[in-house]
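Participant: any chance you can model this:
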Amino acid sequence: MTTATAGVGDKDWVDKKKHLWMLGLAVPLSPFLSWGLVVLTGWDVLWFTGVLVLGGIAPVLDQVLGEDSSNPPESILAWLETQKYYRWCTYLYVPLQYAGLVLACWMWSRGDVSVLGRIGLALTIANVGGVGINTAHELGHKKESLERRLSKITLAQTAYGHFYIEHNRGHHVRVATPEDPASARLGESFYRFWPRTVWGGLKSAWRLEKARLARRGKRPWTLRNDVLNSWAVTVLLFGVLIGVFGPGITPYLAAQAVLGFTMLEVINYLEHYGLLRQKTPGGRYERCAPRHSWNSNSIASNILLYHLQRHSDHHANPTRRYQALRHFDEAPQLPGGYSVMSRLVFVPPLWRRVMDKRVIAHYGGDASLANIQPGQHSRYGVVPPAVREGAAA
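Facilitator: Numbering: from 1, shown residues only. Here you go, the predicted structure:
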C-alpha cells in the first residue's frame, strides 16, 4: 500500500490510507460506470450499478478489509490538516457529481431507455447525491469561503441546502438530546424518525436564520436568508435541467432528491441512536463527549465517507479535517460499518435486536440514562420522566 510520511514531528508516522481516499470518487463515477456497462452489454439492469457499489460491494469490503483504529500522532495533526491533497479528494467530488447528474438527465430524456433503466439510474444518482451531502458536510464545517460555497452547491442536487444551517448551528448544539431532531431515540424506528428529522431540521434551520437576520434588523424574507438562497440554487439547477432536457425528467429529479436526503437521514439515525447527554445540577446539558456518538473504524465505509464514522472527534472538533480525525477507545462502537448498519435501519425489529442491548449496556444496564422515545419507556422497564416528576411532587 502506498504511504506518505509526515515529514515533520513524528517522522516515523506514515499515512497508510493517504491514496485510498481517492477511492471515494468511485461513488460520483458510478453513473459513468453504469453507462459504460449498459453500452457494452445492452442490459438496462446495469443502471443499478451505483446501488451495487454502496449496497453490495462496500459492505463486503468492510468485512474483508476489517478495521483501522490507528491515530496520527498529536504532534503532526496541524501539519496533516495543511496538506492540499486531502482537500482535492473532496473538491473533485463536486464536478463529478454534477457531470453524473447531467448524464442522468440526458438518459432520462431519451426514448430508448426502459423504465427499469430509468429507475436504476435514479437510484444510482440518489446514491451520488446522498454521499454528496456527506461531502458537503465535510466542506461546510471549514472556514475557507471556497469550501463553504462548494458545500452549498453540492447540497443543491438533493434540495437539502438548509442542512448547512441546521447541522452546523443546530445539531452540533443539541446533539444527543431529546430536543435534537437529528438524534434518534431508543425504541424509535427509522420510519418514525424520518418525518421528525426532515420536518424538524427544516423548522430549526428557518428559526436559526430568522433569529440571525433579526439580530441584524432584517426580515427573514430575503435572499440573505441562507435557507431561501440555498433553495433558490436548487430551483435554478432544476429549472435549467428541465429547460434543457424537458419536463419528462421532473419525476426522476424529485425522486433522486428525496432518496438522496433519505440516505443522509439513515446515517443521522445510527450516529447517536439512544445516546443522551445528562443534565448538570444547573439544568444544562453536559458538554458533548466521545460517549455521545456511535463510532466505527471499518475501513471501506470510512474511505467512502471521509472518516464520518469517527464521529466523536468530529463533534469535539467540528472544523478538523477528515484525515486528522481520531479514534477514541471510550466511544461506543457499532458492530459494523455504516454500509452494513444502514441496511439494518430499514428492518426495525432487527435493528432493535442488534442495537438496543448495546445502548443499555453502554449505560451499565440503566436504560433510564438513555434518550428513550416517548411512549416506549415500559419496553425498557423505565418509569417515564413525567410520572417520576409527578410522584416526586
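
Participant: and the helices in the stretch 151-300 of the chain?
Facilitator: Per DSSP state H, counting those that start in this stretch, the stretch 151-300 of the chain carries helices over the ranges 163-166, 172-174, 190-215, 226-245, 250-271, 299-304.

Participant: ok, and what's touching the second one?
Facilitator: Here helix 172-174 makes contact (Cβ atoms under 8 Å, 6 or more residues apart in numbering) with Asp180, Ser183, Cys288, His315, Pro318. Every residue, glycine included, has its C-beta placed from N, CA and C.

Participant: give me the below-cutoff pLDDT ranges for this structure.
Facilitator: 1-12, 386-393 (pLDDT under 70).

Participant: again, 80 this time
Facilitator: The model of the chain has pLDDT under 80 over residues 1-13, 385-393.

Participant: Pro95 sits in which helix or strand?
Facilitator: helix 93-109 (DSSP states H and E).

Participant: helices or strands next to that helix in the packing?
Facilitator: Judged by 3 or more Cβ pairs under 8 Å, 6 or more residues apart in numbering; DSSP states H and E, the packing partners of helix 93-109 are helix 26-41, helix 115-140, helix 145-156, helix 226-245, helix 250-271.

Participant: for the ones you listed, state which one has the densest average packing.
Facilitator: Of all the helices and strands packed on helix 93-109, helix 115-140 has the most neighbours on average by mean count of other Cβ atoms under 10 Å, namely a mean of 24.

Participant: against which helices or strands is that one packed?
Facilitator: So helix 115-140, by 3+ Cβ pairs under 8 Å, 6+ apart, packs with helix 26-41, helix 49-52, helix 84-91, helix 93-109, helix 145-156, helix 163-166, helix 250-271.

Participant: just checking, what packs against the fifth one?
Facilitator: So the one you mean is helix 145-156. helix 93-109, helix 115-140, helix 163-166, helix 226-245.

Participant: try it again at 10 Å.
Facilitator: With contacts taken as 3 or more Cβ pairs under 10 Å, 6 or more residues apart in numbering; DSSP states H and E, helix 145-156 sits against helix 84-91, helix 93-109, helix 115-140, helix 163-166, helix 226-245, helix 250-271.

Participant: what angle do the longest one and helix 250-271 make?
Facilitator: In this case it means helix 115-140. For helix 115-140 against helix 250-271, the angle by axes from the mean of the first three to the mean of the last three Cα atoms, to 10 degrees is 50 degrees.

Participant: what do you get for the first one?
Facilitator: For helix 84-91 against helix 250-271, the angle between stretch directions is 130 degrees (the same axes, to 10 degrees).

Participant: so which other helices or strands are in contact with helix 84-91?
Facilitator: Against helix 84-91 (3+ Cβ pairs under 10 Å, 6+ apart) you get helix 115-140, helix 145-156.
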